[in-house]
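Novice: Below: sequence and its predicted model.
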Amino acid sequence: MRAQLKSLDLEPDPSSLSEDPAEFSLLARMIVGQPDTPGEESFDITVCTPEWLAAQCRAQGGLYNPRHHLVVTLDDFDQRRLRGWLEAQVRAVEAPTWGEVGERLGRLGCWEFEDYTP
């Protein structure tokens, strides 16, 4: 079973962000599903600069768990490149069941069903 990136939403819009790399952080919400099917689920990733990540670490007393973060340089940040990279990461995941696909994609972004117990 394979996954496909069906849409990508960036919040806030990158054009509205400060030019200061210390403040560069946004949420990238991937909507992912099986190709040619209506079902979809979300996976969230914080896209940030190393400067923003370091500031978070200092604010947390020197320790910060960067799970579900993607570090970029502000000067090289490009929305199309980000989308292409994320599409490639999603396409590379294959597993026998959708649950296993979700778990593997959950290593990249926070899966909406992470830690879900029925």
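Specialist: Everything's here; your move. Residues are numbered from 1 along each chain as shown.
Novice: Beta-bridge partners for the residue positioned nearest the centre of the chain, please?
Specialist: Central residue of the chain (CA atoms, centre = their mean): Ile45, 2.5 Å from the mean position. Here Ile45 shows beta-bridge partners Ala28, assigned using DSSP bridges.
Novice: In this structure it contacts Gly109, no?
Specialist: Yes: using CB atoms under 8 Å, Ile45 is in contact with Gly109, at 4.1 Å. Using the backbone N, CA and C atoms, a C-beta is placed for each residue, glycine as well.
Novice: shared neighbours of those two, anything?
Specialist: Common neighbours of Ile45 and Gly109, using CB atoms under 8 Å, 6 or more residues apart in numbering, are Ala28, Met30, His68.
Novice: what ranges do the helices span in this protein?
Specialist: Applying DSSP state H to the chain gives helices spanning 50-59, 79-91, 98-105.
Novice: tell me the angle of the shortest one relative to helix 79-91?
Specialist: When you say that, I think you mean helix 98-105. Interaxial angle of helix 98-105 relative to helix 79-91 (axes from the mean of the first three to the mean of the last three CA atoms, to 10 degrees): 130 degrees.
Novice: Show residues contacting helix 98-105.
Specialist: With CB under 8 Å, 6+ apart as the test, helix 98-105 has contacts from 1-3, 32, 34, 41, 43, 90, 93-95, 111, 113.
Novice: can you count the residues close to Glu114?
Specialist: Close neighbours of Glu114, defined as other CB atoms under 10 Å, add up to 13.
Novice: Next: Gln4.
Specialist: Residues near Gln4, counting by other CB under 10 Å, number 15.
Novice: where in this protein is pLDDT low?
Specialist: Within the chain, the segments meeting pLDDT under 70 span 116-118.
Novice: State the distance from the residue nearest to Trp52 when sequence neighbours are not counted to Ala88.
Specialist: Distances taken as CB to CB, 6 or more residues apart in numbering place Ser25 nearest to Trp52, at 4.7 Å, with adjacent residues excluded. Distance, Ser25 to Ala88, using CB to CB, to the nearest Å: 23 Å.
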